[in-house]
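[1] sequence plus predicted model, see below.
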Amino acid sequence: MPSNLIDALFVFMLAAFIGFEVIRHVSPLLHTPLMSLTNALDAIAVVGAIVLVGEKKSTFATVLGVIAIVAATSNVVGGFIITDRMLRMFKTSRPSKS
Amino acid sequence: MSTEFAGSQYVIEIIYLIASALFILSLKWMSSPATARHGILAGEIGMVLAIGGTLLRHGIVDWKWIIIALVLGSGIGIPLGMVQMTAVPQRTALSHAFGALCVTLVGTAEFYLRSPDVPKFMMSVLSMEVILGGLTFTGSLMAAGKLQEVLPQRPITYKGQNLVNLLLFSGAVASAVYLVLHPGTKELFPVIVGISLVIGVLLVIPIGGADMPTVISLLNSYAGLSAAAMGFVLNSKLLIIAGALDGSSGFILSVIMSKAMNRSFTNVLFGAFGQVQASAAGAQEAKPVRSATPEEAAAILAAANKVVIVPGYGMAVAQAQHKVRELYDMLTKKGVEVRFAIHPVAGRMPGHMNVLLAEADIPYDRLIEMEEINGDFPQTDVALIIGANDVTNPAARTDQSSPIFGMPILDVDKAHTVMVIKRGMSPGFAGIDNPLYYLDRTLMLFGDAKQFVGGIVRELGGGH
């Protein structure tokens, strides 16, 4: 168990650094879609809720798990849709004028 | 555990590994508008893989409720993805609330399934998960309520606010510490969750609309960190990675927003900006301003060579972005160079103005960041301000007594002519008077942004 935790801490540390480096380079133009995209990705928490419901350990856990799946799935679906809608709107000047 | 199980376990872990890589690529491709849509595709594939992989797990015996919940969640998600662009800030706040709700509920269920056999480290991260999740849930709901204007947007403050928050937070942490040492004390867990929910409400209630970009970013960061904590509890590296990415993204955005307001995190959270309103309003007297009609404004714009438009939250409220686009087209056709100056905290969330202007089909290479355009104002004939206030307030540069002193602003007062579209002379959201309006070179265009811009467009089209 403790070695698992140490591994997990390493993963967290590395992912946080990657996050900083990658997101620092995101154009301020796209900060709103960035936030809706990270929101959708963050909803990967749904996998935890799925396991909770699927393992059927107690009614209490199942009820909380079902609500959790609904909340997270709405973020996944809604987040991807709105990010895509936003990004489709970003267009550059027509080449006809310089 | 049989070898067969171990085998499928490896497959699932590999799927998670691929999904993690896709998530990182997804964010990497967001760096430019040209590649950003690949980013969504990568994210979607990663998500489908991760959910599919999870359904393969051998421990899963009950499918019915999973499917029902997935369908129900998608049913809620589709309308949430189809909201108007002007409603994006409140939608974003709401989705932070949903993400945090999921994390808090799973954390709560995990606690009751595991208690009293919860190792100390596990209990610590579990507490962190529900504290961050709980306060992000209610805090984001409050933020969404304020943005949707079902709650008052002005800061709600009372005496001893910070002390109350601090006491509550200490109470939650102390309960968590006790629970770490005595994991059998089940009664304490609801206390921790309850306090966190209350903290979320109290933390966001005193925050005014102008601070929303920082607060939304901060809540974004908390939502990510709580998901990462959940990853520690469930020993899921995929979740830790996704949470860390989201957490660092929210953190970076909060830093950018705080810098753009020249304020620290603690100042945003504990400062309650709106309190300055009383003193600023008292000092206000009827100073003369020059105003102009749409005809006059159109004539000045038509005679200009270089125009910079400064949009703010008022443009979003008036839904004026499409009229602004018509103005842009009209002036561009007349050979006027039109650009847009975007202050990082214009609007109610990071990047808000860019999305609205992109929605109105204004090419994104015309949207210029503050640092880049500020040097150009002295060579600008007309700076046209539409619904922005504090981000153009020269007092931030000169008046040490101003509450926004030191905040980086757009130097519109250096343009040859300044035109400000505004409903009336009332001070802006932060309640601070703007000396820009009393300059000789400033023309006030009183009226609704959409109607006024529409009026200018009609005049320009009328054959000047």
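    Nice, thanks for sending it over. These figures come from a predicted structure and were not determined experimentally.
[2] can you show me the helices along chain A?
    Here chain A has its helices, by DSSP state H, at A:2-24, A:31-42, A:46-55, A:59-89.
[3] mean neighbour count, those helices: which tops it?
    Greatest average neighbour count among the helices of chain A goes to helix A:31-42 (a mean of 29), per mean count of other Cβ atoms under 10 Å in any protein chain shown. Placement of C-beta: from N, CA and C, glycine included.
[4] tell me what angle it forms with helix A:2-24.
    160 degrees (axes from the mean of the first three to the mean of the last three Cα atoms, to 10 degrees).
[5] thinking again about what came up before, could I get the helices of chain A as TSV with distance to residue B:238 and mean pLDDT?
    Converted to TSV, these look like this (distance: least, Cβ to Cβ, whole Å; pLDDT from 0 to 100):
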stretch	distance to residue B:238	mean pLDDT
helix A:2-24	9	90
helix A:31-42	10	93
helix A:46-55	7	93
helix A:59-89	14	95
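[6] now these in JSON lines, with distance to residue B:210?
    Output for those, formatted as JSON lines (distance: least, Cβ to Cβ, whole Å):
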{"stretch": "helix A:2-24", "distance to residue B:210": "24"}
{"stretch": "helix A:31-42", "distance to residue B:210": "17"}
{"stretch": "helix A:46-55", "distance to residue B:210": "34"}
{"stretch": "helix A:59-89", "distance to residue B:210": "23"}
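[7] distance to chain B added to those, as CSV?
    Listed next are those as CSV, based on distance: least, Cβ to the nearest Cβ, whole Å:
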stretch, distance to chain B
helix A:2-24, 3
helix A:31-42, 3
helix A:46-55, 3
helix A:59-89, 3
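[8] for residue B:260, which of these is the nearest?
    Across those, residue B:260 has its closest neighbour in helix A:31-42 (11.3 Å, Cβ to Cβ).
[9] can I assume residue B:29 sits in a helix?
    Yes: assessed with DSSP: H, G, I helix; E, B strand; the rest coil, residue B:29 lies in a helix.
[10] contact partners for it?
    For residue B:29, the contact set (Cβ atoms under 8 Å, 6 or more residues apart in numbering or on different chains) comprises B:35, B:36, B:38, B:39, B:42.
[11] what about the helices of chain A, which gets the closest to residue B:11?
    Closest among these, once you apply Cβ to Cβ, is helix A:46-55, at 14.9 Å.
[12] name the helices or strands packed onto the closest one?
    Secondary-structure packing of helix A:46-55 (3 or more Cβ pairs under 8 Å, 6 or more residues apart in numbering or on different chains; DSSP states H and E): helix A:59-89, helix B:36-55, helix B:64-81, helix B:88-114, helix B:212-234, helix B:237-260.
[13] need the CA coordinates for that helix. PDB is fine.
    Output of helix A:46-55 as PDB, limited to C-alpha atoms (Å, rounded to 0.1, in the frame of the first residue of the first chain):
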ATOM      1  CA  VAL A  46     -17.300   9.200 -13.600                       C
ATOM      2  CA  VAL A  47     -15.200   6.000 -13.700                       C
ATOM      3  CA  GLY A  48     -15.000   6.000  -9.900                       C
ATOM      4  CA  ALA A  49     -18.800   6.400  -9.700                       C
ATOM      5  CA  ILE A  50     -19.300   3.600 -12.300                       C
ATOM      6  CA  VAL A  51     -17.200   1.200 -10.200                       C
ATOM      7  CA  LEU A  52     -19.200   2.300  -7.100                       C
ATOM      8  CA  VAL A  53     -22.500   1.500  -8.700                       C
ATOM      9  CA  GLY A  54     -21.400  -1.600 -10.600                       C
ATOM     10  CA  GLU A  55     -19.900  -3.300  -7.500                       C
END
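[14] just the buried positions in stretch B:19-34, please.
    With burial defined by 16 or more other Cβ atoms under 10 Å in any protein chain shown, the residues of stretch B:19-34 counted as buried are B:19-20, B:22-31, B:33.
[15] and those residues as CSV, adding pLDDT and distance to residue B:316?
    Below are the buried residues of stretch B:19-34 laid out as CSV (pLDDT from 0 to 100; distance: Cβ to Cβ, whole Å):
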residue, pLDDT, distance to residue B:316
B:19, 96, 36
B:20, 96, 36
B:22, 96, 33
B:23, 96, 31
B:24, 95, 32
B:25, 95, 32
B:26, 95, 28
B:27, 94, 26
B:28, 93, 30
B:29, 93, 27
B:30, 92, 23
B:31, 90, 26
B:33, 88, 21
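[16] distance to residue B:136 for those - can I get that in TSV?
    Shown next, in TSV, are those (distance: Cβ to Cβ, whole Å):
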residue	distance to residue B:136
B:19	24
B:20	23
B:22	25
B:23	20
B:24	23
B:25	27
B:26	22
B:27	20
B:28	26
B:29	27
B:30	22
B:31	27
B:33	29
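[17] closest one to residue B:311 out of those, please.
    Nearest to residue B:311 among these, counting by Cβ to Cβ, is residue B:33 at 18.5 Å.
[18] what sits against the closest one?
    So residue B:33 contacts A:27, A:29, A:30, A:87, A:90, A:92, B:364 (Cβ under 8 Å, 6+ apart).
[19] which of those residues are buried?
    The neighbour count (16+ other Cβ under 10 Å) marks A:27, A:29, A:30, A:87, A:90, B:364 as buried among the contacts of residue B:33.
[20] got a pLDDT number for the first one?
    The model reports residue A:27 with a pLDDT of 88.
[21] residues contacting the residue nearest in space to the middle of chain B?
    In chain B, the centroid-proximal residue (Cα atoms, centre = their mean) is residue B:349; its distance is 3.1 Å. Residues in contact with residue B:349 (Cβ under 8 Å, 6+ apart) are A:31, A:32, A:35, B:88, B:89, B:92, B:212, B:213, B:216, B:217.
[22] for it, which three-state class applies?
    What three-state DSSP gives for residue B:349 is coil.
[23] quick one, what contacts the residue lying closest to it once chain neighbours are set aside?
    Using Cβ to Cβ, 6 or more residues apart in numbering or on different chains and skipping the chain neighbours, the partner closest in space to residue B:349 is residue B:89 (4.3 Å). Going by Cβ under 8 Å, 6+ apart, residue B:89 touches B:147, B:212, B:216, B:347, B:348, B:349, B:352.
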